[in-house]
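In: structure of the sequence below:
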Amino acid sequence: MKTIASILLVEDDADDVFFISRALRGSGLDLTLEVVNDGRAAVDFLTKVAEGNRHVEALSPCLVLLDLNIPFKSGLEVLKWIRAHSALKTIIVIVLTSSTSETDMTQAYTLGANSYVIKPSDATRLAEFGQFLKGYWFGWNQLPPVCRSAGATAAVA
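Out: Numbers count the residues shown, from 1 in each chain. So this is what the prediction gives:
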C-alpha cells in the first residue's frame, strides 16, 4: 500500500476552509489536503489513519492544522487525544485559531502543540502563512521519517 503525505485541516468555518486551502495551493505546497469539520470527525479520521485503513492508498497526515473552537470535541480535546496515541505522536500539530486567550495557548502547548498561530485576518497575511508553512515546516524543519517516506519533502521546490 502506497502512503501519501497529507495535511489535515480541522476547521468548521467554510470560509476559513476556502481561504486556508487557497493559501496552501498558492504557496506551491503539493500535498493532499484533507478537511474535517469537527472534533469527532478529526478523531474518526485519525483513528482510521492510525489503524492503516483510511483508503486503499493510506493517507499519512504529517501535519494537522487544528482550530480550537470546533463542534463535538474541542480542538484541545482532539490535541490531547492525538498525543495519547503512540501511532500519532510524531504528527506536527499547529493550532490555527482565532483565540488569543493565554489560557488556550498555555493549554495547547502543555498538551503538545508544536505551534500556536492566530488565524490571519486578511488574504495577504494568509498567503504569507502558506509560504511560511511550506518554507519552515516542509523546508527547514526535519519531518519525522514516516512523512519523508510518504513523499512530503518532495513537495518543496
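In: mind listing what the residue nearest in space to the middle of the chain touches?
Out: Geometric centre of the chain, nearest residue: V64, 1.5 Å, by Cα atoms, centre = their mean. V64 is in contact with I7, L8, L9, V10, A42, I82, I91, I92, V93, I94, counting by Cβ atoms under 8 Å, 6 or more residues apart in numbering. Every C-beta, even on glycine, is put in place using the N, C-alpha and C of the backbone.
In: those in helices, which ones?
Out: Among the contacts of V64, the members found in helices (DSSP state H) are A42, I82.
In: and the closest residue to A108 other than its chain neighbours, how far from T32?
Out: The shortest distance from A108 to any residue other than its chain neighbours is 4.7 Å, reached at V95 (Cβ to Cβ, 6 or more residues apart in numbering). With distances taken as Cβ to Cβ, to the nearest Å, V95 is found 21 Å from T32.
In: I'd assumed S74 was in contact with L111.
Out: No - between L111 and S74 there is no contact under Cβ atoms under 8 Å: 10.9 Å.
In: A strand includes the residue nearest to the centre of the chain, no?
Out: Yes - applying DSSP: H, G, I helix; E, B strand; the rest coil, one finds V64 inside a strand.
In: so which residues of the chain form strands?
Out: All strands of the chain, identified by DSSP state E, fall at 3-10, 32-36, 58-66, 92-97, 115-118.
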